[in-house]
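Asks: Need a 3D model of the following:
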Amino acid sequence: MPKSSQPAPGVFKELYDKLGENGDQILSIHMTGGMSGTVESARTAAQLSDSDVTVIDSRYISHALTFQVFEAAKMAKEGKSMDEIVARVEQIRLNTKLFVVVDTLDNLVKGGRIGKGRALLGSLMKIKPIASLDNGEYTPVAKVRSHKQVVDYLMNDFLDRTKDKQVKGVGIAHANGRAMADPLREKIKETGFTDIQFDYTTPVISTHTGIGAIGFMYYTD
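Replies: As a prediction, the model looks like this:
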């Protein structure tokens, strides 16, 4: 079972020193501190660096993190102030929803996330747990027994939460989870929103979720 670990503070400090040596401000946005110590390493480095560094815990992963990064980069190019960018990033975070669905419980057991007894019971019942990433932490919200039920649950939630709102971004990441990811993408397109970020998830995330997992995320204004 592969292991993952956050970069040491010294790695961040070296980068911050280099990026800020000309006086530029630095905005450093990271995956949720509820699942990784990366953001704490970044905060430690920011205190040690002579550069002007602002560190943000995105409270999310995958495309839900990039929603914040892309908007921050766009605003920086427009010459917006750090305070304006941080305020907008926080607004995006509050308006974001992310779900994680695993197809097998094996990697969660190997990673110590759940016990073998619960995994055996879930496997026997062919349960596919659906969890949300609320406040940066993995929170189970539903249990279904088929890929179709997963897609229906996520689609119904999307329609309910985005009613009378403007959808600004949608992302689907998967670890060879096309059985759920493809039909979900098609259903989202049927709503008229077609600019969907769709790709494989990263090795770090798929190490914990296992093959077949998907992440579904979106944000609104």
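
Asks: list the contacts for the most centrally placed residue in the chain?
Replies: Ranked by distance to the mean C-alpha position of the chain (C-alpha atoms, centre = their mean), the top residue is I61 at 2.1 Å. Residues in contact with I61 (C-beta atoms under 8 Å, 6 or more residues apart in numbering) are 31-32, 35, 98, 133, 205, 215. C-betas here are computed from N, CA, C, even on glycine.

Asks: Let me have the residues you listed in JSON lines, adding pLDDT and secondary structure as columns.
Replies: Formatted as JSON lines, these follow (pLDDT from 0 to 100; DSSP: H, G, I helix; E, B strand; the rest coil):
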{"residue": "M31", "pLDDT": "94", "secondary structure": "coil"}
{"residue": "T32", "pLDDT": "91", "secondary structure": "coil"}
{"residue": "M35", "pLDDT": "82", "secondary structure": "coil"}
{"residue": "L98", "pLDDT": "96", "secondary structure": "strand"}
{"residue": "L133", "pLDDT": "87", "secondary structure": "strand"}
{"residue": "I205", "pLDDT": "82", "secondary structure": "helix"}
{"residue": "G215", "pLDDT": "95", "secondary structure": "strand"}
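
Asks: Could you report the pLDDT at G112?
Replies: G112 carries a pLDDT score of 48 in this model.

Asks: scratch that, N135 is what I was asking about
Replies: As summarised for this prediction, N135 has a pLDDT of 77.

Asks: and what of the one 10 residues further on?
Replies: Model confidence at R145, given as pLDDT, is 87.
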